[in-house]
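Visitor: sharing a sequence plus its predicted fold:
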There are 2 protein chains.
Amino acid sequence: MNSGALKDQIEFLREIEKLKTVTRANKTLDGRNENSAEHSWHVALMALLLQQHAEQSLDMLKVTKMLLIHDIVEIDAGDTWLYAEDQESKKELEERAADRLFSLLPDEQHDEYLELWQEFENRSTNEAAFAAVIDGIQPLLNHLLTGRVEDGVIPIEKVRSRKAYIQQHAPGLWELVESLISDSEAKGLYV
Amino acid sequence: MNSGALKDQIEFLREIEKLKTVTRANKTLDGRNENSAEHSWHVALMALLLQQHAEQSLDMLKVTKMLLIHDIVEIDAGDTWLYAEDQESKKELEERAADRLFSLLPDEQHDEYLELWQEFENRSTNEAAFAAVIDGIQPLLNHLLTGRVEDGVIPIEKVRSRKAYIQQHAPGLWELVESLISDSEAKGLYV
């Protein structure tokens, strides 16, 4: 046993317990705000199940790791709603958070996980692009399932513009996205 | 795009939204009961981070998949607290739940995920044994972090007996387990 590494790993795993307290704009079926930990579970499993619809063959372990850690910076930075006006100020906050959080890990894992997070943020590889696609689809499914969105309704043009990248990165999933958007429009959630 | 497969996959992904409403005995830092979706996120990431402490080299994608789906049967069967007296009746309920839930998936994925779930339940491979070890450690960490356990306290002998398998399957993590148990004993959580 490498007990030094284990001590650091446990410290990190203790710290990320807090992600269960970071709430998102989306709702759960029992009326809470969804938190970023359960959202991360949902997208990780979603990516695994939908991998055949990616354009390229992907390293799925990498995609899964990326999605499991993609939101942990919110422990320090909070969650910023995709449709909020100010998307700029969160970038610096999240970078500081990534530095602090991943520094808890042993050096080798620090490097691996910080790079995975940066790769996801920059959508710089096929794996990151697919992870971002899945992260973009899950809320559409959630809105339909819970029948609720932040502020009561979302302007449909905002939804279309924020989700447009999906068509480019995963054309095989674009028809699904369009149908989810239409269904939420029919329910009056997007106007 | 295989649209038949996609339709089934989305139906499954809709159904498992419910896992966010299945509560466990353990608490969160904001005083809720932890749910099985966020627990699954925590154990999946924990397994990835602690893999070097396994005795064997493992297929980590398999371990991760297993942990992401290990509790979804609770959507039908509910969560049974590890220290509850009746552990027998849940087995049949969970098997029926696994049949129903994984049947929503396309055939190939149905077979893969049902087998992964059975493998986890039976601890029949090194991957399943390690996943079970991680699933056994996360609650020990959670008790210490939140300072709360179901019923106020848990008899320490019950904890030791229910966690004994960890020593056999992952001796490299046993010292950690003993130290977590001692710390919770010192806090009066285990008596």
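Guide: Alright, I've got the coordinates.
Visitor: give me the buried positions along the longest strand along chain A.
Guide: Residue-count comparison of every strand in chain A, with assignments taken from DSSP state E, identifies strand A:23-27 as the longest. Of the residues in strand A:23-27, A:23, A:24, A:25, A:26, A:27 count as buried by neighbour count, 16 or more other C-beta atoms under 10 Å in any protein chain shown. Where you see a C-beta, it was placed from the backbone N, CA and C, and this is true even at glycine.
Visitor: next SSE downstream of the host helix or strand of residue A:38?
Guide: Assignment of secondary structure by DSSP states H and E places residue A:38 within helix A:36-50. Scanning the chain past helix A:36-50 towards its C-terminal end, the next helix or strand to appear is helix A:60-69 (assignment: DSSP H and E).
Visitor: just want the angle from that next one to helix A:36-50.
Guide: Relative orientation of helix A:60-69 with respect to helix A:36-50: 160 degrees, computed using axes from the mean of the first three to the mean of the last three C-alpha atoms, to 10 degrees.
Visitor: other residues contacting helix A:60-69?
Guide: Contacts with helix A:60-69, where a contact means C-beta atoms under 8 Å, 6 or more residues apart in numbering or on different chains, come from A:40, A:43-44, A:47-48, A:51, A:113, A:116-117, A:119-120, A:127-128, A:130-131, A:134-135, B:41, B:44-45, B:48, B:60-61, B:64.
Visitor: just checking, what packs against the following helix or strand past that helix?
Guide: Going down the chain from helix A:60-69, the next helix or strand is helix A:74-77, by DSSP H and E. In terms of contact count using 3 or more C-beta pairs under 8 Å, 6 or more residues apart in numbering or on different chains; DSSP states H and E, helix A:74-77 is assigned the packing partners helix A:89-102.
Visitor: angle of the helix it packs on against helix A:60-69?
Guide: Counting by the same axes, to 10 degrees, helix A:89-102 lies at 110 degrees to helix A:60-69.
Visitor: can you give me the pLDDT of the most centrally placed residue in chain A?
Guide: Taking C-alpha atoms, centre = their mean as the criterion, residue A:135 is the residue nearest the geometric centre of chain A, at 4.4 Å. With respect to pLDDT, residue A:135 scores 98.
Visitor: surely residue A:117 and residue A:71 touch.
Guide: No - counting by C-beta atoms under 8 Å, residue A:117 stays clear of residue A:71, with 9.6 Å between them.
Visitor: give the burial count for residue A:182, as a bare number.
Guide: Residues within reach of residue A:182, counting by other C-beta atoms under 10 Å in any protein chain shown, total 12.
Visitor: quick one: is whatever helix or strand it lives in near chain B?
Guide: With elements delineated by DSSP H and E, residue A:182 resides in helix A:174-186, which encompasses its position. Yes - judged by C-beta under 8 Å from any C-beta of the partner chain, helix A:174-186 comes into contact with chain B through A:175, A:176.
Visitor: which parts of stretch A:106-124 are buried?
Guide: Using 16+ other C-beta under 10 Å as the burial criterion, the residues of stretch A:106-124 that qualify are A:106, A:109, A:110, A:112, A:113, A:114, A:116, A:117, A:119, A:120, A:121, A:123.
Visitor: how many degrees apart are the longest strand of chain A and helix A:36-50 in direction?
Guide: Here strand A:23-27 runs at 60 degrees with respect to helix A:36-50, directions being taken by the same axes, to 10 degrees.
Visitor: how distant is strand A:23-27 from the center of its chain?
Guide: Centroid displacement of strand A:23-27 relative to its chain, using C-alpha atoms, centre = their mean, to the nearest Å, is 12 Å.
Visitor: quick check: which ranges of chain A have low pLDDT?
Guide: Counting by pLDDT under 70, chain A contains low-confidence residues at A:1-2.
Visitor: one more time with 90
Guide: Screening chain A residue by residue with the criterion pLDDT under 90, one finds the ranges A:1-3, A:78-91, A:150-152.
Visitor: any idea how far the nearest residue to residue A:131 once chain neighbours are set aside is from residue A:84?
Guide: The spatial neighbour of residue A:131 that comes closest, neighbours along the chain excluded (C-beta to C-beta, 6 or more residues apart in numbering or on different chains), is residue A:66 at 4.7 Å. As judged by C-beta to C-beta, to the nearest Å, residue A:66 and residue A:84 stand 23 Å apart.
Visitor: compare neighbour counts for the two and give me the winner.
Guide: More neighbours surround residue A:66 than the other of residue A:66 and residue A:84, with 27 against 11 (other C-beta under 10 Å).
Visitor: circling back to that earlier point, which of the contacts of helix A:60-69 are buried?
Guide: Neighbour counting by 16+ other C-beta under 10 Å classes A:40, A:43-44, A:47-48, A:113, A:116-117, A:119-120, A:127-128, A:130-131, A:134-135, B:41, B:44-45, B:48, B:60-61, B:64 among the contacts of helix A:60-69 as buried.
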